[in-house]
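[1] okay, sequence plus prediction incoming.
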Amino acid sequence: MVMVNFHHHPAEDGCAIVTFIDEILKCDSLSIVGLQKNTGKTECLKYVLARLPLEQKKVAVTSIGIDGETTDQVTRTQKPEIVLREGMYFGTSEAHYRQRRLVSELIDVSDESTSLGRVVTALALTQGKILLSGPSSTQGLRRWMRDTRRHDIDLVIIDGALSRLSLASPAVSQSMILATGAAYSINMTQLVQRTAFVVDLINIGLTRESNIALLSPLESGMWWIDSDGLLHEMQAVTSLSQQVEFNGMEQCATIYVAGALVDSFLERLRKNKHLRNVELVVRDFTKFFVSPQQLRLFEKMGGTIKVLQRSKLIAVTVNPTSPAGYVLDSEVLCDKLSQAINLPVYDLLKN
Amino acid sequence: MQLKNVIDSPCELRFMLDKLDLQSGFARRWLLDSSMMTSAAEIEASHDVTRRFVQFVNNVDRTHQTTLLFRLQGVKDIRTTIKNLRQMATLDDIELFEVKHLSILAAEVKKMLQEHGLIDAVHIPCLEDVIKILDPDGTQIASFYIYDSYCTELKDLRKRMRQQPEQQEELLVKAAEIEETVRHDLTKKLHAYVDDIEQALVALAAVDINLARARQIIDEELCLPTITNDGTSCYTAMFNPQVKDALARRGKAFQPVDICYADSPTLITGANMGGKTVVLKTLTLCQYLFQFGFGVPASAATIAIKDEIYFFIGDEQSIERGLSSFAAEMKNIDAVIKASRENRKILALIDEPARTTNPTEGTALVQALLKVLGNKQMSLVMTTHYDIEPGTAHCLRVKGFDNGSMNYSLVEVDDGEVPHEALTIAQSLGIDSEWISLAREELEKSSKEKILYK
């Protein structure tokens, strides 16, 4: 039997599960993201799927990423199939649809292609197992989510990869659950610190509406907005170049990095007296490849960091067991992490 | 000659195709694979269909049009599935879904065409029987699975699955066997309709393409040309859509051009920046658009059908082939001369031939080219800056500077003498005055020498 430890508000232990699921039901989309393989992301997904009131909501499930095998190629641990309940919609690749172990009705074949064929959408007519492998790009995922709305889906749940190999961003969903655990680090202090940093990134605020409208269509490159609100492309500057300098930088109010944000770029911005006070906009939290130190220094020197899209973080789950078998103290971990991030933390596997 | 082979012609056919608002990727692929029409009957028939769709776009309520467009967006390229069906390879659920989806879509579009009097414009086969096979419960919803109603045993197995989930794995294996037999039967039944299914897919692409053509004709103010049999082509108020767009963005208007050419050489002369190259580009573009069934950018046009179209814009250095611009050009023109000996209807449009060599030999080459091609039954439209002997070609000249601004219209002239406006134009561009005035002195010097020789 699965039990839940609720550590954020210990006094309300009894209604923890309800709160957790209720929060999800308020959203139209949720992604479940693991900070590392084996941090319990799939367990969390199973947990959520088992508890959603399907009589109230039409739910569709898909995943992002490139996983294709039933066994995790890196750690040789079993990559589990998801058990769907009767009445759930799901999006998966043609190859995995053919391997389904349930009765389902095909309702759409999309144009999104993956290495395992096109993404198809179906309705489970009995309960049963399925391997999920949905759209592999952010735009593809967005299109799939939009198309599923045609079938009156209330809630889309995304099994979200946080791998650098994946081009799809879980930040397209309205809300998020983050799975962390001993697989991410077996040093508890480090685990708490690193997780808290990711939570900080997820919680970075949105830039203003006008910037979102202006910058969202830009898929690549570096851009800047002057004090009059005019957009310019930064000529011949990549985030790896030695210096950040461009004509008109005295007028620069906002810088937008469409790709990855790295330490060296923050450092160079900081060293340019015209640019250290700008608002730096990044697409979403998955684009940050920076250290906490550099980020803090940048903000300390007067810079601001914003994103174009963000998801509301509903909760964090932990898996205290590492793939090698090392186990952290679940209760201590939940307490420490909950204090550090000021959010509910759950160990979904704890007996 | 397929559209995809010429889409990147320097006449910028791609620009027109990119602006064509097609609803499905399949229609686009189908269009790119289509062949250039060379028979009058074929072009006539294609234009008739397009005209019907122009009427539809002009007269039918927007919401009906949007519904039709939305339906067409659902068309998928299921040619692989159709091929499997033709070979009687048992279709899987995804393929059966595709066939059902297409059939329902085709029936819906057919009904819409019927309502708007377009049913005889594009023939969509009736796929009611296919729908009946794949929709045994008559839901009319384009979803699919191996329905319970195909087989009572299957129905029972699935019932037991729901009642005894612990036996599911075992029951699924049994059910899978039955499902496969059902799929096999369905494939056999559907095989009888494979031609109709394929025809429906193509017809849906045809509706999409014609609708897009019609909307382009209206939006871009194009015309569907009349076909001529006497070898002459005439355009009234011809314009280049791409240049027109670029000018409009700068708040300027494109000056349309009237032009006619026969199956004899036509020479266009005129000052630099007089739009000669744009005229050649547009003529080429129009010829392709016409023979691929599109509207052409002019207020009216009568066009002769050609078997082959050659368009050479100068400066075609072929680095890969290791040819200089002159050699590349000579090879290109050589191909035209060879083709002209083969009794095919040819349109050749050549921009300033031999421009990259010295003017003495250049003039001789151009003059001789007019003679070589002049006695063939072919249309040749050529621009040049060289002085050509009178009588070797039908000559048109860009009016040129007129009251301080460029007049792009073409006027008939008797001789091939080219205007000498290069310096005036350079001056109007604000080019270094020392350079230009020295050039004027040189000109005067050389004309005095000419007089002295005489």
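    Thanks, I have the structure now.

[2] interface residues of chain B facing chain A?
    Where proximity means CB under 8 Å from any CB of the partner chain, the interface of chain B facing chain A comprises B:25, B:76, B:92-94, B:97-98, B:101, B:142-145, B:158, B:161-162, B:165, B:168-169, B:172, B:175. To be clear about C-beta, it is placed using only N, CA and C from the backbone, and glycine gets the same treatment.

[3] which of those count as buried?
    With neighbours counted using 16 or more other CB atoms under 10 Å in any protein chain shown, those contain these buried positions: B:76, B:92-94, B:97-98, B:101, B:142-145, B:158, B:161, B:168, B:172, B:175.

[4] which of those residues sit farthest apart?
    For these, the farthest-apart pair by CB to CB is B:Lys76 and B:Gln168; their separation is 32.5 Å.

[5] can you tell me how far the nearest residue to A:Phe285 once chain neighbours are set aside is from chain B?
    Using CB to CB, 6 or more residues apart in numbering or on different chains and skipping the chain neighbours, the partner closest in space to A:Phe285 is A:Leu201 (4.2 Å). A:Leu201 sits at a distance of 37 Å from chain B (criterion: CB to the nearest CB, to the nearest Å).

[6] number of residues surrounding A:Leu201?
    Applying other CB atoms under 10 Å in any protein chain shown, we find 20 residues neighbouring A:Leu201.

[7] list phi and psi for it.
    For A:Leu201, the backbone dihedrals (degrees, to the nearest 10) come out as phi -60, psi -40.

[8] can you check the pLDDT for it?
    As summarised for this prediction, A:Leu201 has a pLDDT of 94.

[9] repeat that for the one 10 residues further on.
    The model reports A:Asn211 with a pLDDT of 93.

[10] I'd assumed A:Leu280 was in contact with it.
    No. With contact taken as CB atoms under 8 Å, A:Asn211 and A:Leu280 are classed as non-touching, separated by 11.4 Å.

[11] shared neighbours of the two, which are they?
    Overlap between the contact sets of A:Asn211 and A:Leu280, as judged by CB atoms under 8 Å, 6 or more residues apart in numbering or on different chains, is given by A:254, A:256, A:306.

[12] got a winner among those for most neighbours?
    Taking other CB under 10 Å as the neighbour criterion, A:Tyr256 ranks highest of these with 25 neighbours.

[13] what residue is smack in the middle of the chain?
    Since you didn't name a chain, this refers to chain A. For chain A, the residue nearest the mean C-alpha position is A:Pro170 (3.8 Å; CA atoms, centre = their mean).

[14] let's do chain B instead
    Of the residues in chain B (compared using CA atoms, centre = their mean), B:Leu289 is nearest the centre, at 4.9 Å.

[15] give me the neighbour count for the spatially closest residue to that residue that is not a sequence neighbour.
    Nearest in space to B:Leu289, with sequence neighbours left out and distances taken as CB to CB, 6+ apart, is B:Val296 at 4.9 Å. Using other CB under 10 Å, the number of residues around B:Val296 comes to 25.

[16] same thing with B:His394?
    Other residues near B:His394 number 17, with proximity taken as other CB under 10 Å.

[17] the closest residue to chain B within the stretch 151-300 of chain A: how many residues sit nearby?
    The shortest separation between the stretch 151-300 of chain A and chain B is 9.2 Å, found at A:His151 (distances taken as CB to the nearest CB). If you count neighbours by other CB under 10 Å, A:His151 ends up with 14.

[18] so what does the closest residue to it other than its chain neighbours look like in phi/psi?
    Take A:His151 and drop its neighbours on the chain: the residue closest to it by CB to CB, 6+ apart is A:Ile107, 6.2 Å away. Backbone torsions for A:Ile107, taken as degrees, to the nearest 10, come to phi -120, psi -20.

[19] ok, back up a step: got the shared contacts of A:Asn211 and A:Leu280 as TSV, with pLDDT and distance to A:Asn187 columns?
    Converted to TSV, these look like this (pLDDT from 0 to 100; distance: CB to CB, whole Å):
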residue	pLDDT	distance to A:Asn187
A:Thr254	94	38
A:Tyr256	95	36
A:Lys306	96	32
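
[20] between those residues, which is closest to B:Lys110?
    Distance to B:Lys110 across the shared contacts of A:Asn211 and A:Leu280 (CB to CB) is lowest for A:Tyr256, with 49.0 Å.

[21] for the helix or strand hosting the closest one, name the packing helices and strands.
    Secondary structure assignment for A:Tyr256, by DSSP states H and E: strand A:252-257. Packed against strand A:252-257, as judged by 3 or more CB pairs under 8 Å, 6 or more residues apart in numbering or on different chains; DSSP states H and E, are the following elements: helix A:209-215, strand A:222-226, strand A:279-282.

[22] including mean neighbour count, could these go into JSON lines?
    Rendered in JSON lines, the data for these read as follows (neighbours: other CB atoms under 10 Å in any protein chain shown):
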{"stretch": "helix A:209-215", "mean neighbour count": "14"}
{"stretch": "strand A:222-226", "mean neighbour count": "20"}
{"stretch": "strand A:279-282", "mean neighbour count": "22"}
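
[23] between those, which gets nearest to B:Arg14?
    For the helices and strands packed on strand A:252-257, the distance to B:Arg14 is smallest for strand A:222-226, at 28.1 Å, taking CB to CB.

[24] so which bits of the stretch 51-200 of chain A are right by chain B?
    Residues of the stretch 51-200 of chain A lying close to chain B by CB under 8 Å from any CB are A:86, A:94, A:97-98, A:101-109, A:111, A:120, A:123, A:125-128.

[25] strands along the stretch 301-450 of chain B, start to end?
    Along the stretch 301-450 of chain B, counting by DSSP state E, counting those that start in this stretch, strands occupy B:308-312, B:346-351, B:379-383, B:394-402, B:405-413.

[26] ok, the fourth one: who's next to it in the sheet?
    Read that as strand B:394-402. Strands flanking strand B:394-402 in the sheet, each with its direction: strand B:265-269 (parallel), strand B:405-413 (antiparallel) (DSSP bridges).

[27] weakest of those in terms of mean pLDDT?
    Taking each of these in turn, the lowest mean pLDDT turns up on strand B:405-413, with a mean of 81.
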